[in-house]
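*Asks:* how does the following fold in three dimensions:
(2 chains)
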Amino acid sequence: MKIKKILPPILVLVIFLIVWSIAASLYGMPFLLPNPLEVLQAFVSDFELIIGGLWITFQEALYGYLLAISIGITSAAIMSQSKILERSFYPYAILLQTLPAVAVAPLIVLWFGFDMLSVVIISLIISLFPIINNTLLGLKSTSTNLVELFQMHNSSRFVNFFKLRLPAAIPHIIAGLRISAGLSVIGAIVGEFIIGSGSMGGGLGVMVIYAQGDLETALVMALILTATLLGFVFFMSVTTLGHQLLKHWHESEIT
Amino acid sequence: MISVLNVTKHFDEVHALSEVDLDIATGEFITIVGPSGCGKSTLLRIIAGLINSTEGSVNKPDTSMGAFVFQDAALLPWRNVQRNAELLMELEDGFSKQERVSRVSSALQQVGLEGFEKSYPHQLSGGMKMRLSLARALVLRPDYLLLDEPLSAVDELTRELLQEEIHSLWKKEKFTAILVTHNVTEAVYLSNRVVVMSPRPGQIIHVVDVPFKKRNQELRSSSKFTEIVSEISVKLRT
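*Replies:* Down below sits the predicted model:
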């Protein structure tokens, strides 16, 4: 990677850290606003604890995300095959987006118990819609000429889907997966907030609640940072996958 | 022979085609010209069987194999040249792997794309994309080839070169060709007959025979050629 490419964001980070440090020292109350070094210290001294929480949150978010991917792509694929099914179910897919997941979370916990399953389901609900929506859009925006070309040579619905519509939809699918990557981690944290007090030794979200209660603000920030990085890793993994799939042909990846 | 019998087409309110009758002889090169929106592309799609006519019918020999060449080349951007050229043989069953490979390599050679097998469409120029689109159709050894303004997106120089190539492919492969274009020079250069259609609802208003035996660069500047071109242009405008 070129220096020119990585230098600007690093510069922004450095400026941000400096402004933060100055603000923290002017404010002078580390239990409310610790400076970056104290956050780093908290990260180092509680490293094992944080990694333990990260591992749990990682699993919850990953399962939620993978479920969202499989359910999202499958349901979009089904809706793309039938106007009736699309008309019947798509409005409810939209409601899934407007559903206040945070408010539904307690209900999920009530149904599925105070354990990881509930968190996975909450993560799934929050990250599902962008995948359905983008996949469906992609499957429906195949160029008319290509559809006619396949029609001309009497290809079956099956061939049509796998040789034409699905590959043509990959850029849209990847776009949906990128949006949902971060959402799945957010969903896991939200889920942990709800089940939080019920179990000790939970994920990052649970630990945030505990650390906040103890006024360990630096640790809260270290935990938030860790969760953010987890979402970023998800995002970058999908981006890399997208690059591998699209590098030969899609405008977004051709350099 | 392909017979278009009394074909009429309505799209909801729009009356696209009105009572079109046309017989196309086997091995003929026929071109349909007409103003924008006269339904010439619709007629081509009806002949292809891609859309149904409201009234009338199209008769084609039962066993005939057709191929369609689209205006924008219609390639699959995620497949390289080789795999794009193979596509229609995958869709039409009954081609062995060996046959696919040999047909693709000879078709790519015919259109001058040998050596580009591993390239992707975005790496090709507009003219090369169209050559690939032609090669993709040719691998089927079609009985008839339907061309929908295939050269409208390429520059003038490339267009003339491609016209010559299409002509020699037609001479060699002996398919029946039905071309839709709004370029009268192109129509006259390539065809045995030029069909002139009226504005919507599209009807056939003239059929002009083109008598030339040989097609080459000199023909374009001959007086007979320009005479036919202007004759058709006048008819198009009335």
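*Asks:* I'd say residue A:206 and residue A:190 touch.
*Replies:* No. Residue A:206 is beyond contact range of residue A:190, at 11.6 Å (criterion: C-beta atoms under 8 Å). Yep, even glycine has a C-beta here, placed from its N, CA and C like the rest.
*Asks:* around chain B, which positions in chain A sit nearby?
*Replies:* Residues of chain A lying near chain B by C-beta under 8 Å from any C-beta of the partner chain: A:143, A:145-146, A:148-155, A:159, A:163-164, A:167-168, A:170, A:248-251, A:254.
*Asks:* filter these down to the buried ones and hand me the PyMOL line.
*Replies:* To isolate the buried members of the residues of chain A next to chain B in PyMOL, using 16 or more other C-beta atoms under 10 Å in any protein chain shown:
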select buried, chain A and resi 145+146+148+149+150+151+152+153+155+163+164+167+168+170+248+249+250
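*Asks:* excluding its backbone neighbours, what's nearest residue A:184?
*Replies:* residue A:65 (3.7 Å; C-beta to C-beta, 6 or more residues apart in numbering or on different chains).
*Asks:* average pLDDT for whichever helix or strand that neighbour is part of?
*Replies:* Using DSSP states H and E, residue A:65 sits within helix A:47-81. Throughout helix A:47-81, pLDDT has a mean value of 95.
*Asks:* what about the helices in the chain?
*Replies:* Because you didn't say which chain, this covers chain A. Taking DSSP state H as the criterion, chain A carries its helices at A:3-27, A:36-45, A:47-81, A:83-98, A:101-112, A:116-140, A:144-152, A:157-159, A:166-195, A:204-213, A:217-246.
*Asks:* oops, I was thinking of chain B
*Replies:* Under DSSP H, chain B gives helices at B:40-48, B:81-91, B:97-110, B:126-138, B:156-173, B:184-190, B:217-221, B:223-237.
*Asks:* for the ones you listed, which one sits closest to chain A?
*Replies:* helix B:81-91 (3.9 Å; C-beta to the nearest C-beta).
*Asks:* run the chain-centre distance for that closest one.
*Replies:* In terms of C-alpha atoms, centre = their mean, to the nearest Å, the centre of helix B:81-91 is set 19 Å apart from its chain centre.
*Asks:* centroid-nearest residue for chain B?
*Replies:* residue B:147 (1.8 Å; C-alpha atoms, centre = their mean).
*Asks:* with neighbour numbers in mind, choose between residue A:206 and residue A:190.
*Replies:* residue A:206 (25 against 19; other C-beta atoms under 10 Å in any protein chain shown).
*Asks:* and the helices of chain A as JSON lines, adding distance to residue B:66?
*Replies:* What follows is those, written out as JSON lines (distance: least, C-beta to C-beta, whole Å):
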{"stretch": "helix A:3-27", "distance to residue B:66": "51"}
{"stretch": "helix A:36-45", "distance to residue B:66": "68"}
{"stretch": "helix A:47-81", "distance to residue B:66": "27"}
{"stretch": "helix A:83-98", "distance to residue B:66": "29"}
{"stretch": "helix A:101-112", "distance to residue B:66": "53"}
{"stretch": "helix A:116-140", "distance to residue B:66": "27"}
{"stretch": "helix A:144-152", "distance to residue B:66": "7"}
{"stretch": "helix A:157-159", "distance to residue B:66": "18"}
{"stretch": "helix A:166-195", "distance to residue B:66": "24"}
{"stretch": "helix A:204-213", "distance to residue B:66": "62"}
{"stretch": "helix A:217-246", "distance to residue B:66": "33"}
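*Asks:* nearest residue to residue A:172 in space, please, no chain neighbours.
*Replies:* Counting by C-beta to C-beta, 6+ apart, residue A:172 lies nearest to residue A:138, which is 2.8 Å off, once chain neighbours are set aside.
*Asks:* so what's residue A:145 up against?
*Replies:* B:70, B:71, B:72, B:74 (C-beta atoms under 8 Å, 6 or more residues apart in numbering or on different chains).
*Asks:* tell me which of those is nearest to residue A:111?
*Replies:* Of all those, residue B:74 has the smallest distance to residue A:111: 50.0 Å, by C-beta to C-beta.
*Asks:* by neighbours, which of the contacts of residue A:145 wins?
*Replies:* Going by other C-beta under 10 Å, residue B:70 tops these with 23 neighbours.
*Asks:* show me what contacts that residue?
*Replies:* A:145, A:148, A:149, B:133, B:148, B:150.
*Asks:* again, but for residue A:27
*Replies:* By C-beta under 8 Å, 6+ apart, the neighbours of residue A:27 are residue A:33.
*Asks:* residue B:24 and residue B:2 touch, don't they?
*Replies:* Yes. Between residue B:24 and residue B:2 there is a contact at 4.4 Å, judged by C-beta under 8 Å.
*Asks:* okay, and the common contacts of those two?
*Replies:* B:144, B:176, B:178.
*Asks:* count the neighbours of the closest residue to the first one other than its chain neighbours for me.
*Replies:* On the basis of C-beta to C-beta, 6+ apart, the spatially nearest residue to residue B:144 that is not a chain neighbour turns out to be residue B:176, at 4.1 Å. By the measure other C-beta under 10 Å, the count of residues near residue B:176 is 22.
*Asks:* quick one: contacts for residue B:176?
*Replies:* Residues near residue B:176 by C-beta under 8 Å, 6+ apart: B:2, B:24, B:25, B:26, B:27, B:28, B:29, B:143, B:144, B:145.
*Asks:* quick check, pLDDT for it.
*Replies:* 95.
*Asks:* can you check residue B:38 too?
*Replies:* 87.
*Asks:* how about the contacts made by the residue nearest to residue A:32 when sequence neighbours are not counted?
*Replies:* Using C-beta to C-beta, 6+ apart and skipping residues adjacent in sequence, the residue nearest residue A:32 is residue A:217, 6.3 Å away. The contact partners of residue A:217, by C-beta under 8 Å, 6+ apart, come to A:30, A:31, A:32, A:33, A:34, A:211.
*Asks:* for residue A:110, see how far away residue A:217 is.
*Replies:* 32 Å (C-beta to C-beta, to the nearest Å).
*Asks:* thinking again about what came up before, elements contacting the helix holding residue A:65?
*Replies:* Applying 3 or more C-beta pairs under 8 Å, 6 or more residues apart in numbering or on different chains; DSSP states H and E, one finds that helix A:47-81 makes contact with helix A:83-98, helix A:116-140, helix A:166-195, helix A:204-213, helix A:217-246.
*Asks:* so which of those gets nearest residue B:163?
*Replies:* Residue B:163 sits nearest to helix A:166-195 of all those, at 31.1 Å, using C-beta to C-beta.
*Asks:* near chain A, which residues of chain B?
*Replies:* Proximity of chain B to chain A, by C-beta under 8 Å from any C-beta, involves residues B:45, B:48-50, B:66-68, B:70-72, B:74, B:76-78, B:80, B:87-88, B:90-92, B:120-122.
*Asks:* of these, which belong to strands?
*Replies:* The members of the residues of chain B next to chain A that map onto strands under DSSP state E are B:66, B:67, B:68.
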